[in-house]
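Engineer: pasting a predicted model and its sequence here:
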Amino acid sequence: MNFSSVRYLIREGFRNIWQNRLMAFASVGVLVSCLLLTGGAYMAFVNIEHIFKWAYGQNVVVAFAREDCTDEQLDMLMDKISGITNVEKVKFISKEQSLLKYKDSIPDTVYEEMQGENNPYLDAFEITFADLGKFDQTITQIKQIPEIDSTVYSDDIAHKLTNIRQVVLMVSLWIILMLLIVSLFIIANTIKLTVYNRRLEISIMKSVGATNAFVRIPFMLEGIVLGVSAGAIAYGIICLLYSKLYDVFGTSMIGGLVSFDSVWHTILFGFIAIGAWTGMTGSAFSMRKYLKDQGGISGVL
């Protein structure tokens, strides 16, 4: 295919949009709405994930070291716990630090008597897990370490958080999938109208030897342009709306909201990719029906 053919196909794609600009405008508007809902569902999921991670950090496991552990053994114990795959963070709390925490709640004389060898507390490790879905397995690994005396944790909260997270994930994925299907139908119907309006021209092109690919390319280009335009517009709108929302609720909610700076590239490239894919796929579906018989006359009459 030479340069003049490519230029002709590109020009035809944009001419299709201009000739059917009212339908194209409506399609872009509806597709923008679908992308905004998709982006809203994604941002809700990202923020819920962020809240869950914050909640994971609050649901710590406390592992107590054996009373006879030396400083060297405590260092080795720290390394053993940190080496467990699902462990995200480990904080060592000495028995002196534990006693100091309760200094203001006990009489001074009792506090002095509890110093040194009379300290009833044990050296401990506050452990945060990366994935609460692997809570039971990780707890088992920790308990198997010989230097561990006992552990304190709440597995009920971990299991509830994991179940809620899975439900939110499934609901978000289904919402996004349904909106993508709706977007496909929107683009397909727009291209179908264009094909109907140009069915005689397409028939003539087929009669003089134009290949299906040559006829199909302008319509696929039209779909891609509509999809990408909708993606760019939707990105600008969601960027503006979420920035305003973040200014109001960014730090006041539990765990805070995710900054748009950390997800803008996912939203932008995601919208552009979804828009282009939706436009191209919708056009391909619509064109396949009409290119079976000389430009699709029998399919539209």
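Structural biologist: Perfect, thanks for sending it.
Engineer: helix, strand, or coil at residue 84?
Structural biologist: Assigned state for residue 84: coil (three-state reduction, DSSP: H, G, I helix; E, B strand; the rest coil).
Engineer: my guess is it contacts residue 140. True?
Structural biologist: No. Here residue 84 lies out of contact with residue 140, judged by C-beta atoms under 8 Å, at a distance of 10.3 Å. Quick note: C-beta positions are derived from backbone N, CA and C, even for glycine.
Engineer: pick out whichever of those two has more residues nearby.
Structural biologist: residue 84 (18 against 9; other C-beta atoms under 10 Å).
Engineer: so who does that one touch?
Structural biologist: Residue 84 is in contact with 138, 141, 142, counting by C-beta atoms under 8 Å, 6 or more residues apart in numbering.
Engineer: ok, so what distance separates it from residue 147?
Structural biologist: 14 Å (C-beta to C-beta, to the nearest Å).
Engineer: please apply the same query to residue 177.
Structural biologist: From residue 177 over to residue 147 (counting by C-beta to C-beta), the distance is 49 Å.
Engineer: the more surrounded of those two?
Structural biologist: Set residue 177 next to residue 147 and count neighbours by other C-beta under 10 Å: residue 147 wins out with 18 against 11.
Engineer: what residues are up against that one?
Structural biologist: Residue 147 neighbours (C-beta under 8 Å, 6+ apart): 65, 66, 69, 73, 74, 76, 77, 80.
Engineer: which parts of the stretch 1-150 of the chain are helices?
Structural biologist: Using DSSP state H, counting those that start in this stretch, the helices of the stretch 1-150 of the chain run over 3-19, 21-58, 71-82, 95-101, 108-113, 135-143.
Engineer: residue 167 is nearest to which of these?
Structural biologist: Across the helices of the stretch 1-150 of the chain, residue 167 has its closest neighbour in helix 21-58 (10.3 Å, C-beta to C-beta).
Engineer: now the closest one against helix 135-143, angle please.
Structural biologist: Calculated by axes from the mean of the first three to the mean of the last three C-alpha atoms, to 10 degrees, helix 21-58 forms an angle of 30 degrees with helix 135-143.
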